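Participant: Just to be clear, the model below is a prediction. Sequence and coordinates:
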Number of protein chains: 2
Amino acid sequence: MLTITDTGLALKAKLFRGLADPSRLALLEALREGPQTVTALVETTGLSQPNVSNHLRCLLDCGLVQRSRQGRFVVYRLGDERIAKLLQLAEQVLADVARGMYHCTRYNAP
Amino acid sequence: MLTITDTGLALKAKLFRGLADPSRLALLEALREGPQTVTALVETTGLSQPNVSNHLRCLLDCGLVQRSRQGRFVVYRLGDERIAKLLQLAEQVLADVARGMYHCTRYNAP
DNA sequence: CTTTAATATCATCATATGCTGATATGATTA
DNA sequence: TAATCATATCAGCATATGATGATATTAAAG
């Protein structure tokens, strides 16, 4: 039998988990508009600066975002076009399952 | 400022979180092949029966799967065509970011 | 070279999760 | 109705997570 860790399901789960947090989604949605400075992301999302840096670090490690330096600023951008597509497709799915999602007591980020 | 909970990001996060577990992915991938009995899903995935039932319950609440009874069996199926699309798109993204995903120490399911 | 602005890291805490094992429910057949 | 098969639920545990506050790092400017 093919175990779960063998089949790449673990990787896929990781990918989804990267997207499975409201704060990270806020960052990614912001980056959908275009590359952004950390400071800009902090202002846009209302998250604390360490929190933003922390999430960006994870997203960077996972390849979901890229970064580059501009003067004393660091600019982040989406790592892959299809990340945006994933977010968009998720929106469409939500249009139908939103009610269920809303009432589901589980899968609430801590 | 638009807070995170206002913008539907929480719901989107929930949706992704539903997909963010290897066991649930195994179940959903299995259901991609067609409707399945709980027993069949247990055999296919190698997960324990309570574990499978537990995950299916959550997926059901969130509208990611549907169920119907057939005799003494309960048959589950995907709740929406686009769930399959999401999984497929995720695979394509992974083709590019898999290396990063693999080395990322975070986002490991407990 | 010193100061300051921008970002990154760290320890800590509270919380939600997924799994297991045991048990309960529900439906079918004898 | 009793026995059995299929599924669901529950309590308890171990673990990873996300946020915060304080601090470190890095780079530009004076």
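Facilitator: Received the coordinates, thanks.

Participant: Tell me which helix or strand comes right after the helix or strand harbouring A:Arg69.
Facilitator: In the assignment (DSSP states H and E), A:Arg69 maps to strand A:65-70. Next helix or strand after strand A:65-70 toward the C-terminus (DSSP H and E): strand A:73-78.

Participant: That following strand close to chain B?
Facilitator: No - shown here: strand A:73-78 not in contact with chain B (CB under 8 Å from any CB of the partner chain), separated by at least 11.0 Å. In short, each C-beta sits where N, CA and C put it, glycine included.

Participant: That strand pairs with which strands, and in what direction?
Facilitator: Strand A:73-78 sits in its sheet next to strand A:36-37 (antiparallel), strand A:65-70 (antiparallel), going by DSSP bridges.

Participant: So which of the ones you listed is nearest DNA strand D?
Facilitator: Closest to DNA strand D of the strands paired with strand A:73-78 is strand A:65-70 (CB to the nearest atom of the strand; 6.5 Å).

Participant: Please identify the buried residues of the closest one?
Facilitator: A:Val65 (16 or more other CB atoms under 10 Å in any protein chain shown).

Participant: try stretch A:55-75
Facilitator: Buried, per 16+ other CB under 10 Å, within stretch A:55-75: A:55-56, A:58-65, A:75.

Participant: model confidence over that stretch, on average?
Facilitator: Averaging pLDDT along stretch A:55-75 yields 94.

Participant: got a list of what A:Tyr76 touches?
Facilitator: Neighbour list for A:Tyr76: A:27, A:31, A:35-38, A:41, A:56, A:60, A:65-67 [criterion: CB atoms under 8 Å, 6 or more residues apart in numbering or on different chains].

Participant: Relative to A:Ala10, how far out is A:Arg67?
Facilitator: Separation of A:Arg67 from A:Ala10 (CB to CB, to the nearest Å): 26 Å.

Participant: And A:Asn54, by the same measure?
Facilitator: 23 Å.

Participant: cool, A:Cys62 as well?
Facilitator: For A:Cys62, the distance to A:Ala10 - CB to CB - is 13 Å.

Participant: And for A:Thr39?
Facilitator: With distances taken as CB to CB, A:Thr39 is found 35 Å from A:Ala10.

Participant: Looking at these two, which one has more neighbours?
Facilitator: Ranked by neighbour count (other CB atoms under 10 Å in any protein chain shown), A:Thr39 and A:Ala10 place A:Ala10 first, with 20 against 12.

Participant: Next one: the more buried one from DNA strand D, what distance?
Facilitator: The gap separating A:Ala10 from DNA strand D is 12 Å, by CB to the nearest atom of the strand, to the nearest Å.

Participant: Doesn't that residue belong to a helix?
Facilitator: Yes - when classified by DSSP: H, G, I helix; E, B strand; the rest coil, A:Ala10 is found to be part of a helix.
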